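Novice: Whatever this is, show me its structure:
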Amino acid sequence: MEFQKLIRERASVRSFKPSPLTQKQLGAIRDAANLAPSAGNMQGYYFYLVTGKETKEKLAKAAFNQGFIAEAPAVFVFFADAAASSKKYGERGNLFCIIDASLAAGYAQLAAADLGLGAVWVGAFKDGEVKETFGGEGRPVCILPVGIPAEIPRGNPRKDRLKKAI
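Specialist: Okay, the predicted model is just below:
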């Protein structure tokens, strides 16, 4: 899809068909996340791909019972890796790794939309429960459920966030 059209038509999808995603679709999303820019190319993030029912249910519970997470065929979970970013940037690396994880999740979300799939950024969750699900390391930044949309929501109106051109 042409990029400008993609960013205009992408919407947050919270209702998914139960159809599994193909390895090609999952690979394209994974590749997009891996190709996202990162501060100093330190790649201060990592992510998990979850397709197992039990783990998706744990994530839904950790996200204040947002059940659509468990219903999505695939869920990507992005973590900030401060140790990776701090090697080069010291204390500032604590911010850069969150930005890196956010960019990777954003690229994954756009890749999903480009494939005709739906996704939604989930940031409301209990950090400790998400960390525990994956072994207790890093800082969880985003849960990204992905699947074939059961319905396409209308886009929300957007404000022009440009404060001033100088």
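
Novice: Where is the longest strand in this structure?
Specialist: strand 139-147 (DSSP state E).

Novice: other SSEs contacting the lengthiest helix in the chain?
Specialist: Among all segments of the chain classified by DSSP state H, the helix with the greatest residue count is helix 93-114. Secondary-structure packing of helix 93-114 (3 or more C-beta pairs under 8 Å, 6 or more residues apart in numbering; DSSP states H and E): helix 3-9, helix 23-35, strand 45-50, strand 74-80, helix 82-89, strand 118-119, strand 139-147. In short, each C-beta sits where N, CA and C put it, glycine included.

Novice: right, and the ones you listed - which one's nearest Arg158?
Specialist: Evaluated over the helices and strands packed on helix 93-114, closeness to Arg158 peaks at helix 3-9, with 9.5 Å, by C-beta to C-beta.

Novice: For that closest one, give me every contacting residue.
Specialist: By C-beta atoms under 8 Å, 6 or more residues apart in numbering, the residues outside helix 3-9 that reach it are 1, 110, 113-114, 155.

Novice: hmm, try it at 7 Å
Specialist: 110, 113-114 (C-beta atoms under 7 Å, 6 or more residues apart in numbering).

Novice: Spell out the secondary structure type for Ala124.
Specialist: coil (DSSP: H, G, I helix; E, B strand; the rest coil).

Novice: Touching, it and Ala63? I think so.
Specialist: Yes. Using C-beta atoms under 7 Å, Ala124 is in contact with Ala63, at 6.2 Å.

Novice: Neighbour count for those two, which is higher?
Specialist: Taking other C-beta atoms under 10 Å, Ala124 and Ala63 do not tie; Ala63 has more neighbours (21 against 9).

Novice: Nearest to Ser102, out of the helices and strands packed on helix 93-114?
Specialist: For those, proximity to Ser102 was assessed by C-beta to C-beta; strand 139-147 is nearest, at 6.1 Å.
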